[in-house]
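Undergrad: can't give you the sequence, but here's the structure:
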């Protein structure tokens, strides 16, 4: 693909990376990759770790656009985006309201299901309810309503931190404790057996479109934190090894989820395709990882995109949207 010149007015981009979430290290890696790609594309980039001086700094320097590469709550729960909206600075990615909806997994599942996309049956439990109603009674009720195997995960969070695949009832208590370490609310979800894929959704100005699906095959059988960010722990197939009609259905589901949640610019939708070829929505990431082992860069490169071109186009789209 050719690399057109990026039109004015982009002169400076501030990339935010790091933060204080559990995903700080991943964020630093993503931010560095984005910054390097933009610099190689000829843009002036400031890479900044947010702190108490950030908002004053942005007010003083007024960058043309901010690229939040902050993973976890600090970058994805909508708070930072709301502040950027308040100080009237364009930024790449979904707006604050949409980010809040997507960040909360039960809410995202409900909205996507309402749009006609299947999502695994689940129950959400607060830590308070788990304690007050008696852990033993709650676990018994869960096992009755959601037969093993199930997936236990924090209701908010990323990078599979605190996520456990429970294959026997005896492992459920430990899985709940692990998930509550990361969030006050926990989702217990039916485990769908099938092909795990991730589909990036990109919109640089002509509407959201699905990137090639990336098939995920972790050597351990579980795509956890280590499998995501350590080279060699997972095999990827891009595009995924799916029949054309199944791949098309999954792509449609991803774009539908993106639109149902009101997302913009770039997202990643995680899906399981069952044995019948039906895509099941799991969750969506409004700020997908952009490290050297992340899925969206793999999909972009497979589709023939230059990463620097895409990142610069998204920065331009953020400015255009801000002016609209």
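TA: All right, it came through fine. These numbers were taken from a predicted model, which means no experiment stands behind them.
Undergrad: tell me where the stretch 201-324 of the chain has strands.
TA: Applying DSSP state E, counting those that start in this stretch to the stretch 201-324 of the chain gives strands spanning 209-210, 214-218, 234-237, 266-274, 279-285.
Undergrad: so which of the ones you listed is nearest residue 194?
TA: Nearest to residue 194 among the strands of the stretch 201-324 of the chain is strand 266-274; the distance by C-beta to C-beta comes to 4.1 Å. All C-beta atoms are positioned from the backbone trio N, CA, C, and that covers glycine.
Undergrad: what is that closest one packed up against?
TA: Counting contacts by 3 or more C-beta pairs under 8 Å, 6 or more residues apart in numbering; DSSP states H and E, strand 266-274 packs against strand 194-202, helix 244-260, strand 279-285, helix 295-302.
Undergrad: how about the nearest residue to residue 164 once chain neighbours are set aside, what does it touch?
TA: Leaving aside its chain neighbours, residue 164 sits nearest to residue 175 (3.7 Å; criterion: C-beta to C-beta, 6 or more residues apart in numbering). Contacts for residue 175 (C-beta atoms under 8 Å, 6 or more residues apart in numbering) come out as 152, 164, 166.
Undergrad: in the host helix or strand of residue 175, what's buried?
TA: Using DSSP states H and E, residue 175 falls within helix 172-180. Of all the residues in helix 172-180, those buried under the rule 16 or more other C-beta atoms under 10 Å are 172, 175, 176, 178, 179, 180.
Undergrad: kindly report the same for stretch 97-111.
TA: Within stretch 97-111, the residues that count as buried by 16+ other C-beta under 10 Å are 98, 99, 100, 101, 102, 103, 104, 105, 107, 108, 109, 111.
Undergrad: just the endpoints, please. Distance across that stretch?
TA: 14 Å (C-alpha to C-alpha, to the nearest Å).
Undergrad: now do it: distance to the chain's middle.
TA: 11 Å (C-alpha atoms, centre = their mean, to the nearest Å).
Undergrad: which parts of the stretch 1-150 of the chain are strands?
TA: Under DSSP E, counting those that start in this stretch, the stretch 1-150 of the chain gives strands at 12-16, 44-48, 65-68, 122-126, 150-154.
Undergrad: so which of those strands comes closest to residue 136?
TA: Taking those one by one with C-beta to C-beta, strand 122-126 is closest: 13.7 Å.
Undergrad: gap between residue 100 and residue 172?
TA: Separation of residue 100 from residue 172 (C-beta to C-beta, to the nearest Å): 29 Å.
Undergrad: related to what we said a few turns ago, of the buried residues of helix 172-180, closest to residue 127?
TA: Looking across these and measuring by C-beta to C-beta, the closest to residue 127 is residue 180, at 5.1 Å.
Undergrad: residues in contact with the closest one?
TA: With C-beta under 8 Å, 6+ apart, residue 180 has these contacts: 127, 130, 154, 162, 186.
Undergrad: nearest to residue 89, of the strands of the stretch 201-324 of the chain?
TA: strand 266-274 (18.2 Å).
Undergrad: could I get the buried residue list for that closest one?
TA: Result for strand 266-274 [16+ other C-beta under 10 Å]: buried residues 266, 267, 268, 269, 270, 271, 272, 273.
Undergrad: so how far is residue 53 from the residue nearest to residue 164?
TA: 40 Å.
Undergrad: centroid-nearest residue for this protein?
TA: A centroid search over the chain (C-alpha atoms, centre = their mean) returns residue 285, at 1.7 Å, as the residue closest to the centre.
Undergrad: for residue 123, see how far away the closest residue to it other than its chain neighbours is.
TA: Setting aside the residues directly before and after it, residue 285 is nearest to residue 268 in space (C-beta to C-beta, 6+ apart), at 4.5 Å. Distance, residue 268 to residue 123, using C-beta to C-beta: 25 Å.
Undergrad: next: residue 197.
TA: Residue 197 sits at a distance of 25 Å from residue 123 (criterion: C-beta to C-beta).
Undergrad: more crowded one of those two?
TA: residue 197 (29 against 16; other C-beta atoms under 10 Å).
Undergrad: quick check: bridge partners of that one?
TA: residue 215, residue 271 (DSSP bridges).
Undergrad: pretty sure it is touching residue 239, no?
TA: No - when contacts are counted by C-beta atoms under 8 Å, residue 197 is not listed as touching residue 239 (9.3 Å).
Undergrad: mutual contacts of these two, please.
TA: Common neighbours of residue 197 and residue 239 (C-beta under 8 Å, 6+ apart) are 213, 214, 215.
Undergrad: pretty sure the first one is in contact with residue 246, am I right?
TA: No - in this structure, residue 213 sits apart from residue 246 without contact. The criterion is C-beta under 8 Å, and the distance is 9.4 Å.
Undergrad: could you name every residue contacting both of these two?
TA: With C-beta under 8 Å, 6+ apart, residue 213 and residue 246 have no common neighbours.
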